[in-house]
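# quick check, what structure comes out for this input:
(2 chains, ligands or ions: 2)
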Amino acid sequence: MSDRANTLAIETKGLVKTFGKTRAVDGVDLAVPAGTVYGVLGPNGAGKTTAVRVLATLTRPDGGEARVFGHDVVREADTVRSKVSLTGQYASVDEDLTGLENLILLGRLIGHRKAAAKRRAEQLLDAFGLTEAAGRQVKKYSGGMRRRVDIAASIIRTPEVLFLDEPTTGLDPRSRNQVWDIVRIIVAQGTTVLLTTQYLDEADNLAGRIAVIDHGKVIAEGTPGELKASVGSGSVHVRLRDAGQRGEAERVLSANLSLGVNLEADPVALTARVDGNGGGAAEQASLALAALARSGITVDEFSLGQPSLDEVFLALTDHPATDDAEKEAVA
Amino acid sequence: MTTQSTTTTPTTTSSVYTPAASALSAVLSADEQPSRPSALAASIAFGWRAMLKIKHVPDQLFDVTAFPIMMTLMFTYLFGGALAGNTTDYLQYLLPGIMVMSVVMITMYTGVGVNTDIEKGVFDRFRTLPIWRPAALVGAILGDVFRYTIASTTILLLGLALGFRPGGGVLGVLAGVGLLVAFSFAFSWIWTMFGLLLRSEKSVMGVSMMVLFPMTFLSNVFVQPVTMPGWLQGFVAVNPVAHLVAAVRGLMYGEPDGYEIGWTLISGGAILLVFGALTMRLYNRK
Ligand SMILES: Nc1ncnc2c1ncn2[C@@H]1O[C@H](COP(=O)(O)OP(=O)(O)OP(=O)(O)O)[C@@H](O)[C@H]1O
Ligand SMILES: [Mg+2]
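Residues are numbered from 1 along each chain as shown, chains lettered A, B, ... in the order given. Ligands and ions are numbered 1, 2, ... in the order given. So this is what the prediction gives:
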């Protein structure tokens, strides 16, 4: 066990990948312990997919190095391929084929004979609740079913490292929970999972460690607890009745909550990050709310939630999460 | 033709799926690790994928049946009277040639297919498998070989119905079709290269036309090269398609020509080596 904890499943040093002038991955260092879930958190265009593609041997890096269980992703690509499996951000099965046909094809490609491939495919479809849909073309699947068949395809051979690129983007809450459960079961069986996401709560729920990346660089790394200590464990959203009182409300909240207050686009709304250390987020938030009431500020709506990715970014950098491509499109 | 409209809305399953730890863990641990498939086994698996695609999208077979029928009828009746006095006599000369021309032209769909297929996420999955690298492309071309065989058979049957009487008999005809299909397999690698190199399906089509029109028309498909000006005869003499036509004619007539067959095998082999290597370079870079 202790041996396992010391082994690194994935290790990168100064990893760089450029596309023309875009430095999609710009000097990334990662160390992913074996047998854990590692979250890579970042907004659109941060370089998540590019980093995953380099690690899965699909793209050659332009600088630095990357190893999977000690094997170099460029020089020992074939060995790395025998250990990893990738569930891409977009459909990674053949949409023209049925779920069963896709899994049989992959079974044959890892070396099963036809009968064994069929047995394995049926077993997987059953475990993923897709037996009924086995004979239907994947293009006719719902979003949640598609993700499940994607993941089933990735564990046709139990991989040592599984890459999941934004596995829950675009899924409804129920499908999202199903994917989370699946990830937990897979990792409990000993597979190391590297998962990219745009949601802090997803990384918080699943990952043992998180790297936050922005513009190809790691801007923060640590356990969810460490990350939240620097970002704040919660976030209070307040809507006032009167926009004229917002300046006053901002002062009161700043005085009570040390982590900083945001004015939102909506002229009556503000958001404040809450530091959970010592006292708990809920307690601090209610004290701040009481202070607002004492100052005669009328609050119409109030909620306490996890900080959004935007707030994480605001805390870690001094800019909100933005996509370069979007900025260019606006300019 | 009956086109059935299928509903595309996903049917809602009555019972909600809950991932069961027991079932999933069983699947994960029941996994035996088979040994890596051979190059041939992997290629055949991809060939099976191509056949499944034909099964699910049968429209693809339209190109390989309607187009050859149209070519054969058009040129038999257009040139038959003028070039040979009557269509039946001309058909004896034209049929092997028009068969080669149609099948060689159909090879361009290989490039279009690769170009659209490679952009899909599923190719990323194939490229992360520890298998013989060219297998995915070899398999796709094996599927195309099936289409070439259908096209050849269609033309042959039409030709026989119109009065084509090959002297080589069944064996001669089979040998001719076999040589044509083998050459087309090699020739397809030109298009896989362009399919990977060019951005859009349209540009792949454009380039294919630019290459295929001169290679098929400037040949001995329609007329004997002796009727052509000297410079054109020079081109025909080095055009691999012209040698293929001569070789296929020889086999079908029952007068196999070793020189032409040799030319075809060597040029096909050279195309396969050069363009296969270029294709794999691009495939690994993609
Ligand atoms: N093939 C490519 N050619 C040119 N630029 C690219 C290519 N792939 C990615 N990029 C650029 O590299 C940067 C990082 O892209 P990447 O897809 O890795 O981001 P991401 O974090 O996965 O984003 P998303 O959340 O939208 O999936 C972006 O600016 C993108 O435009
Ligand atoms: Mg991405």
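# residue boundaries of the strands in the stretch 1-150 of chain A?
Per DSSP state E, counting those that start in this stretch, the stretch 1-150 of chain A carries strands over the ranges A:8-19, A:22-33, A:37-41, A:63-68, A:71-72, A:84-87.
# OK, contacts around the residue of the stretch 51-200 of chain B found nearest ligand 2?
Ligand 2 sits closest to B:Gly121 of the stretch 51-200 of chain B, with a gap of 11.6 Å, by Cβ to the ion. (Each C-beta comes from the backbone N, C-alpha and C, glycine too.) For B:Gly121, the contacting residues are A:88-93, by Cβ atoms under 8 Å, 6 or more residues apart in numbering or on different chains.
# mind listing what the nearest residue to A:Ile156 once chain neighbours are set aside touches?
Of all residues not flanking A:Ile156 in the chain, A:Leu106 sits nearest, at 4.6 Å (Cβ to Cβ, 6 or more residues apart in numbering or on different chains). By Cβ under 8 Å, 6+ apart, A:Leu106 lies in contact with A:117, A:153, A:156, B:125, B:129.
# out of these, which is nearest to B:Leu162?
Of all the contacts of A:Leu106, A:Ala117 has the smallest distance to B:Leu162: 45.6 Å, by Cβ to Cβ.
# how near is that closest one to A:Ala127?
Distance, A:Ala117 to A:Ala127, using Cβ to Cβ, to the nearest Å: 16 Å.
# ditto for B:Gly121
22 Å.
# all helices of chain B, in order?
Ranges of helices in chain B, per DSSP state H, are B:21-29, B:39-56, B:60-63, B:66-84, B:87-106, B:108-118, B:121-127, B:135-162, B:169-197, B:201-217, B:230-238, B:240-253, B:258-285.
# most tightly packed of those?
Ranked by average neighbour count under the criterion mean count of other Cβ atoms under 10 Å in any protein chain shown, the helices of chain B are headed by helix B:240-253 at a mean of 25.
# okay, B:Met205 and B:Val104: tell me how far apart.
For B:Met205 relative to B:Val104 (Cβ to Cβ), the value is 15 Å.
# hmm, back to that, filter the contacts of B:Gly121 to the buried ones?
Buried by 16 or more other Cβ atoms under 10 Å in any protein chain shown: A:88-89, A:91-93, out of the contacts of B:Gly121.
# what is the most widely separated pair among those?
Among the buried ones among the contacts of B:Gly121, the pair separated by the greatest distance (Cβ to Cβ) is A:Gln89 and A:Val93, at 13.4 Å.
# from memory B:Leu179 sits against B:Val248, does it?
Yes - judged on Cβ atoms under 8 Å, B:Leu179 makes contact with B:Val248 at a distance of 6.0 Å.
# any shared contact partners between those two?
Common contacts of B:Leu179 and B:Val248, defined by Cβ under 8 Å, 6+ apart, are absent altogether.
# host element of A:Asp266?
A:Asp266 belongs to no helix or strand when assigned by DSSP states H and E.
# show the contacting residues for it.
A:Arg239.
# and it, what pLDDT?
Model confidence at A:Asp266, expressed as pLDDT, equals 87.
# same deal with A:Val183?
For A:Val183, the pLDDT comes out at 95.
# what's the span of stretch B:229-244, first residue to last?
Distance across stretch B:229-244, first residue to last, is 21 Å (Cα to Cα, to the nearest Å).
# list the contacts of A:Lys83.
By Cβ under 8 Å, 6+ apart, A:Lys83 lies in contact with A:68-69, A:71, A:159-161.
# which two of the residues you listed have the greatest separation?
Maximum distance among the contacts of A:Lys83 (Cβ to Cβ): 13.7 Å, for A:His71 and A:Pro159.
# does stretch A:196-208 reach ligand 2?
No - applying Cβ under 5 Å from the ion, one finds stretch A:196-208 separated from ligand 2 by no less than 6.7 Å.
# which residues of the stretch 1-150 of chain A score low on pLDDT?
Residue ranges of the stretch 1-150 of chain A with pLDDT under 70: A:1-6.
# which positions in it make contact with ligand 1?
A:19, A:22, A:24, A:42, A:44-50, A:89 (Cβ under 6 Å from any ligand atom).
# hmm, try it at 8 Å
A:19-20, A:22, A:24-25, A:42-53, A:89 (Cβ under 8 Å from any ligand atom).
# among these, which ones are buried?
Among those, the ones that count as buried by 16+ other Cβ under 10 Å are A:22, A:24-25, A:42-43, A:45-53, A:89.
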